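Undergrad: I would like the atomic coordinates for the input below:
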Amino acid sequence: MKNARTLIGLPIVMESRTLGRVSAVELDPGLRSLSGLYFSCGLAGSRRVARCDLDLIGDVAVLVHGTGKRSQPPAPPLPRRAISPDGSRLGAITDAIVDEETFQIPLLELSGGYVDDLTRGRVRVGAYSVTEDGDVIIDIPKGEDGS
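TA: Residues are numbered from 1 along each chain as shown. All right, here's what the predicted structure looks like:
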């Protein structure tokens, strides 16, 4: 599994030819899967490769079987506000963990803030839902919230 942030900068390769480098990651609205990748082609602008044209996300490159369509990248999908089911603020979702073969997102990375990140580190959460406003509701198992 890979962090979505680490995909940025990887070359996009089709039939042994480099098309460009990943410039942005597109996630579905529910943050459950990768919808596509945007890559820059130098003077040719930027293009979007849909999930159906992705073959494999590797350690050193992303393999595709389509050149994609010309498109401008949207606003970054992350960070997003993370809240508990009762509405209290938990922090921010800073990254998504992507499965390289299925392109699903089983985990999100939760940051509690600068000091929290230094003392405890960032937390990976798998039980979550997304509101219409784009906030992420983290389902906290009983006994883990300190009460």
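
Undergrad: SS state for residue 76?
TA: Secondary structure for residue 76, judged by DSSP: H, G, I helix; E, B strand; the rest coil, is coil.

Undergrad: ok, now residue 43?
TA: Secondary structure state of residue 43, per three-state DSSP, is helix.

Undergrad: can you count the residues close to residue 97?
TA: 17 (other CB atoms under 10 Å). (Glycine included, C-beta is placed from N, CA and C.)

Undergrad: actually residue 54, not the one I wrote
TA: Other residues lying near residue 54 total 20 when counted by other CB under 10 Å.

Undergrad: Was I right to think it contacts residue 100?
TA: No. Residue 54 lies out of contact with residue 100 (CB atoms under 8 Å); the separation is 9.8 Å.

Undergrad: can you list residues touching both of these two?
TA: Both residue 54 and residue 100 lack any common contacting residue under the criterion CB atoms under 8 Å, 6 or more residues apart in numbering.

Undergrad: check contacts around the closest residue to residue 100 other than its chain neighbours.
TA: Excluding its sequence neighbours, the residue lying closest to residue 100 (CB to CB, 6 or more residues apart in numbering) is residue 57, at 4.2 Å. Contacts of residue 57 were listed using CB under 8 Å, 6+ apart, and they are 2, 7, 10, 63, 98, 100, 103.

Undergrad: who does the fifth one bridge with?
TA: So that's residue 98. Legend: beta-bridge partners of residue 98 under DSSP bridges are residue 2.

Undergrad: can you pull the contacts of it?
TA: Taking CB under 8 Å, 6+ apart as the criterion, residue 98 is in contact with 1-4, 7, 34, 57, 104-105.

Undergrad: Could you rerun that using 6 Å?
TA: Under the criterion of CB atoms under 6 Å, 6 or more residues apart in numbering, the contact partners of residue 98 comprise 2, 4, 34, 105.

Undergrad: Tell me the one among these nearest to residue 115.
TA: Nearest to residue 115 out of these is residue 4 (CB to CB; 24.5 Å).

Undergrad: How many residues are close by that closest one?
TA: Around residue 4 there are 23 residues (other CB under 10 Å).
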